[in-house]
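**Q** I'll drop the sequence and a predicted model, then ask my questions.
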Amino acid sequence: MTAPDYTLTTDRLRLELLKPGDAEALWPFVSDPAVSELMSWEAHTSMEETVAFLAAVDVSFKAGRAVSWGIYLEGKIIGVFSVISIHRKHRLLTYDKAELAYWIGPEYQGKGYMTEAGGKVLDFAFRKLGLHKIYVGFHEGNKGSKGLIERLKFRYSHTEKEAFSKNNQWVDVPYYEMLEKEYFELYK
């Protein structure tokens, strides 16, 4: 089996694997507290932090634990879409599941870019990565993320009460999921 081509395209976007040289292009977004407010990470305070983030992304990719794409519009990165926490097997058990993670710059929100990118990432995850299940959660109250998940046709699973604490505040996380068979029924 040949390695998949990780470059994805839509009518308006190009998704390319994040690479160490992307730190400068990501900096305006990852250093913006408005972008990280409802994310699991804090705004970066130094370029070194962004470089370290990209190094960790590379390690996770090479270990088969994650795939992270920069979303390009007209040659410029505007966001990130990732398949993270890829879990294949544990002893005799097969999981073949992963989680979605994503963000987009505020000025690009509400224009359908994430729905376009998400559709391509889902297709890649099920067809090329051979995943059985993809799940996604979001900070309760993040209407943009909830809307994206619903547009991508994920099924609500459950809400984890006080799933984590960020800035000394416990956050509930609604989770949605999609099975491989559901994907192929929805997107024939």
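**A** Now that the structure is in, tell me what you want to look at.
**Q** please make it C-alpha for all contacts and neighbour counts, starting now.
**A** Fine.
**Q** buried set for the worst-scoring helix or strand of the chain on mean pLDDT?
**A** Taking mean pLDDT, DSSP states H and E as the measure, the chain has helix 33-36 as its least confident helix or strand, at a mean of 93. Across helix 33-36, burial judged by 16 or more other Cα atoms under 10 Å covers 35-36.
**Q** just how off-centre is it within its chain?
**A** The chain centroid and the centroid of helix 33-36 are separated by 16 Å under Cα atoms, centre = their mean, to the nearest Å.
**Q** convert the C-alpha atoms of the helix or strand just after it to PDB, please.
**A** Heading C-terminal from helix 33-36, the first helix or strand you meet, by DSSP states H and E, is helix 47-62. Presented in PDB, the C-alpha positions along helix 47-62 are these (Å, rounded to 0.1, in the frame of the first residue of the first chain):
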ATOM      1  CA  MET A  47       7.500  32.700  18.500                       C
ATOM      2  CA  GLU A  48       9.500  30.000  20.200                       C
ATOM      3  CA  GLU A  49       6.200  28.600  21.600                       C
ATOM      4  CA  THR A  50       4.800  28.400  18.100                       C
ATOM      5  CA  VAL A  51       8.000  26.700  16.800                       C
ATOM      6  CA  ALA A  52       7.700  24.200  19.700                       C
ATOM      7  CA  PHE A  53       4.000  23.600  18.900                       C
ATOM      8  CA  LEU A  54       4.900  22.800  15.200                       C
ATOM      9  CA  ALA A  55       7.700  20.500  16.400                       C
ATOM     10  CA  ALA A  56       5.200  18.600  18.500                       C
ATOM     11  CA  VAL A  57       2.800  18.400  15.600                       C
ATOM     12  CA  ASP A  58       5.600  16.900  13.500                       C
ATOM     13  CA  VAL A  59       6.500  14.300  16.200                       C
ATOM     14  CA  SER A  60       2.800  13.300  16.500                       C
ATOM     15  CA  PHE A  61       2.500  12.900  12.700                       C
ATOM     16  CA  LYS A  62       5.600  10.800  12.400                       C
END
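**Q** pull the residues that contact helix 47-62.
**A** 18-20, 22-24, 26-27, 30, 44, 66-68 (Cα atoms under 8 Å, 6 or more residues apart in numbering).
**Q** so where does the most centrally placed residue in the chain fall, helix or strand?
**A** The centroid of the chain falls nearest to residue 101 when counting by Cα atoms, centre = their mean (2.5 Å). Using DSSP H and E, residue 101 falls within strand 93-104.
**Q** buried sites along that strand?
**A** Those buried within strand 93-104 under the rule 16+ other Cα under 10 Å are 96-104.
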